[in-house]
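*Asks:* sequence and predicted structure below; questions after.
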Amino acid sequence: MTPSTSSAASANRPLAGAAWILVAAVGFCAAWVFIRLASETIHPFALVFWRNLAGLLLILPIILRDPSIASPRQWKSHAVRATSGVIGMFTVFYAVANAPLATVQAITFAAPIFATAGAALFLGETLRARRIGALLAGFAGVLVVLRPGAQPLTPGIVSAVIAAGAIAFSIIAIKRLVGIARPLAVVFWSFALPVLPTFLVALAFWTTPSGLSWLYILGIGAGTLIAQIATTRAFAIAEATAVMPYDFVRFGLTVAIGTWLFGETVDGITLLGGALILGSAIYLAYREAVLARRGPASTPPLD
């Protein structure tokens, strides 16, 4: 997820931001490995609840040291963000458990592209020529990955597409939270608010964890917590344009993990589609940063 770049401009430390993005990449990839392993005995929808509970328990020591992080201020904005986050979690977990990891990763990389389109549709943001071109390139990348008609749209792949849309709405919600909520508060509420609703859904798919499943659940919670904190930190200290290219490391790690651990194969077309998607997302972040620095009065007639 890509928060607004406005807060990064005041403390731009691109190398440190890149390092945090690499930490986030490792965290996300580790979580996906544990999701795939745990889903062999536990339904992905039940794993979503365990992810939130484990992450909440792991972040509690930080909250106990500084209870102001969990202030209920902006709770409506946190609730909106958590709602889209819940949909994203269910669909991502299902996709990771039931589709090739590289394909899922490539599709979910399109979330910032969907977010830009959503901001134009729902927030009234203006899209001009350059951003429209980047959007079209990004959507073309999605079509390259999906190849409708050339390969079956399995439930796992469809779930990944829905996940990208849900993550996009989370990005829009986070943009509204930037500047009015502390980064750790965003992370905390992203674990705390979904616990109850995801537990109610999990009851319909319940399997009591046992043995290694507990370690996998801990790994899911720890991986996602580390990744979210690292991502938040990265965008707090550096502009998105400086750190987003390093997020492609996550794609490389996902391809390697899928190949080495799960025997998946990745073709060049999927890699090309992933590159188109990420390139489009990077350019959109660049244009957003440029326009933010110029301000409304200096917005060019064609973007």
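*Replies:* Noted; the coordinates are in hand. Residues are numbered from 1 along each chain as shown.
*Asks:* pLDDT weak spots in this protein?
*Replies:* 1-12, 122-125, 149, 174-180, 240-241, 289, 291-303 (pLDDT under 70).
*Asks:* now for L58, how many residues are close by?
*Replies:* 16 (other Cβ atoms under 10 Å). Any C-beta I mention is one placed from the backbone N, CA and C, and that applies to glycine too.
*Asks:* now it: which helix or strand?
*Replies:* L58 belongs to helix 44-65 when assigned by DSSP states H and E.
*Asks:* who does that helix touch, helix- and strand-wise?
*Replies:* Applying 3 or more Cβ pairs under 8 Å, 6 or more residues apart in numbering; DSSP states H and E, one finds that helix 44-65 contacts helix 14-38, helix 75-98, helix 183-192, helix 195-202, helix 212-237.
*Asks:* could I get those helices in TSV, plus columns for distance to L271 and mean neighbour count?
*Replies:* Formatted as TSV, the helices and strands packed on helix 44-65 follow (distance: least, Cβ to Cβ, whole Å; neighbours: other Cβ atoms under 10 Å):
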stretch	distance to L271	mean neighbour count
helix 14-38	17	21
helix 75-98	18	21
helix 183-192	31	22
helix 195-202	33	15
helix 212-237	23	21
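*Asks:* quick one: which of the ones you listed is nearest F169?
*Replies:* helix 75-98 (3.8 Å; Cβ to Cβ).
*Asks:* now do the next helix or strand after the closest one against helix 75-98, angle only.
*Replies:* Later in the chain than helix 75-98, the nearest helix or strand by DSSP H and E is helix 101-108. Following axes from the mean of the first three to the mean of the last three Cα atoms, to 10 degrees, one obtains 150 degrees for the angle between helix 101-108 and helix 75-98.
*Asks:* just the C-alphas of whichever helix or strand comes after helix 101-108, formatted as PDB.
*Replies:* For helix 101-108, the following helix or strand on the C-terminal side (DSSP H and E) is helix 111-122. What follows is helix 111-122, C-alpha atoms only, in PDB (Å, rounded to 0.1, in the frame of the first residue of the first chain):
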ATOM      1  CA  ALA A 111      -3.700  -1.800  -6.300                       C
ATOM      2  CA  PRO A 112      -2.100   1.700  -6.600                       C
ATOM      3  CA  ILE A 113      -3.400   1.900 -10.200                       C
ATOM      4  CA  PHE A 114      -6.900   1.000  -9.100                       C
ATOM      5  CA  ALA A 115      -6.500   3.500  -6.300                       C
ATOM      6  CA  THR A 116      -5.700   6.300  -8.700                       C
ATOM      7  CA  ALA A 117      -8.700   5.400 -10.800                       C
ATOM      8  CA  GLY A 118     -10.900   5.200  -7.700                       C
ATOM      9  CA  ALA A 119      -9.700   8.600  -6.500                       C
ATOM     10  CA  ALA A 120     -10.800  10.100  -9.800                       C
ATOM     11  CA  LEU A 121     -14.200   8.400  -9.600                       C
ATOM     12  CA  PHE A 122     -15.000   8.800  -5.900                       C
END
